[in-house]
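Trainee: Pasting the sequence and the predicted model now:
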Amino acid sequence: MRVIFMGTPDFSVGTLNALAEAGHDVVLAVTQPDKPKGRGGKYQLTPVKEAAIGRGIPVFQPKRVRAPECIEELKKYKADIMVVVAFGQILPKEILEMTPYGCVNVHASLLPKYRGAAPIQWAVINGEKVSGVTTMQMDEGLDTGDMLLKTEIVLDEKETGESLHDKLAAAGAKLCVETLKALEEGSVAPQKQGESPTEYARMLDKSLGNIDWNDSAVSIERLMRGLNSWPGAYTDWNGKVMKLWTADVCMSQEKAECETGNAKKTVPGTVIKVEKDGFYVQTGEGVLKVTELQIPGKKKMDAAAFLRGYKLQEGEKLRKIIYG
């Protein structure tokens, strides 16, 4: 097929490569405009642009994909289909209906669950056991188009947003190739979506990582994993922002590793025990053993390294950061 590919971040690159390697003629890569990064303000290419240039694929970077001149530009390529993977702009009806096979989207959830911008991270944060990828025929709604094919991925016990991202990117690339083959053969029957059983997977922002120690140990540990590697979960420690990257949940106070006396009466956020390889923090329900963290100006370190260099005592408080 002649394919116009639309995508921007790392998640999109695997699908672009898979389509090209499967023999499809990717005639154009459409991606978001480059953005300045760092103190020098040097413009950084989007991951899709880099991949496209490496394959000799023309690149188009419209500020507004719905602008009339953009729509006219896309028509010139006479594509059979458009494939959209985390592009970052809403497509108008003129583009959705421009090609014979329409627009196929690769979405990182088992639709209709987790419609929205951050389905990968919210699946981890909410404690899902299984996630996956769905290909769908796009319509004018937000992730509401007819479903084509699905593939499932079982989450590991310590799955992070980053590790699940990589698994679903690879699975989505393979599924997209299978979807285009099925569309060409006429062997796939689009299925309507029902109502979503989950809330809209809203975009992540840094404030989401601000830990509330009144929450349960289970929910805080999931938050840490879901926001790994961005934006990260964090707390106030003596006026410093401490990022917490990995931890173990101790729900039972009776467990040997969580022997804390009358910890159940302790204020959430209190450090109740310090060992060589980590420290224990009381939450609203259960205890969290912190095993990897980061403080300003330092790289990630395991808790053992932190405790060798910094003094942390039982009774100290970790707090939610109050802004403004």
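Mentor: On my side now, so go ahead.
Trainee: residues contacting the closest residue in space to Y114 that isn't next to it in sequence?
Mentor: The shortest distance from Y114 to any non-neighbouring residue, by CB to CB, 6 or more residues apart in numbering, is to A201 (4.5 Å). Bear in mind the C-beta positions are built from the backbone N, C-alpha and C, glycine included. The contact partners of A201, by CB atoms under 8 Å, 6 or more residues apart in numbering, come to 109, 114-119, 121-122.
Trainee: I'd like the distance between A201 and H107.
Mentor: Separation of A201 from H107 (CB to CB, to the nearest Å) stands at 10 Å.
Trainee: repeat for L288
Mentor: As defined by CB to CB, L288 lies at a distance of 32 Å from H107.
Trainee: Next, give phi and psi for G194.
Mentor: Main-chain dihedrals, G194, degrees, to the nearest 10: phi -90, psi -170.
Trainee: burial of the nearest residue to it once chain neighbours are set aside, as a residue count?
Mentor: Distance criterion CB to CB, 6+ apart; nearest residue to G194, sequence neighbours excluded, is P112 at 5.7 Å. Neighbours of P112 under the rule other CB atoms under 10 Å: 18.
Trainee: do P62 as well
Mentor: P62, neighbours per other CB under 10 Å, totals 17.
Trainee: and what of G297?
Mentor: By the measure other CB under 10 Å, the count of residues near G297 is 6.
Trainee: my guess is it is in a strand, correct?
Mentor: No. With DSSP: H, G, I helix; E, B strand; the rest coil as the criterion, G297 is located in coil rather than a strand.
Trainee: Would you indicate which residues of the longest helix seen in the chain are buried?
Mentor: Longest helix in the chain, counting residues (DSSP state H): helix 161-185. When burial is assessed from 16 or more other CB atoms under 10 Å, helix 161-185 yields the following buried residues: 161-165, 167-169, 171-173, 175-180, 183.
Trainee: now swap in stretch 26-33 and tell me
Mentor: Quick answer for stretch 26-33 (16+ other CB under 10 Å): 26-32.
Trainee: Now do the lowest-mean-pLDDT helix or strand in the chain: everything it contacts.
Mentor: Every helix and strand in the chain was compared by mean pLDDT, DSSP states H and E; the lowest is strand 35-37, with a mean of 86. Defining contact as CB under 8 Å, 6+ apart, one finds that strand 35-37 is touched by 42-44.
Trainee: can you do 10 Å?
Mentor: By CB atoms under 10 Å, 6 or more residues apart in numbering, the residues outside strand 35-37 that reach it are 41-46.
Trainee: farthest pair in those?
Mentor: Greatest spatial distance in these: G41 and T46, 16.5 Å, computed using CB to CB.
Trainee: Of those two, give the one with the bigger neighbour count.
Mentor: Using other CB under 10 Å, the more surrounded residue of G41 and T46 is T46, with 23 against 8.
Trainee: could you measure that one against L74, distance?
Mentor: For T46 relative to L74 (CB to CB), the value is 18 Å.
Trainee: Ok, L312 next?
Mentor: 57 Å.
Trainee: Likewise for A123?
Mentor: According to CB to CB, A123 stands 32 Å off from L74.
Trainee: Of these two, give the one with the bigger neighbour count.
Mentor: The neighbour comparison of A123 against L74 (other CB under 10 Å) goes to A123, with 29 against 21.
Trainee: Alright, calling it a day.
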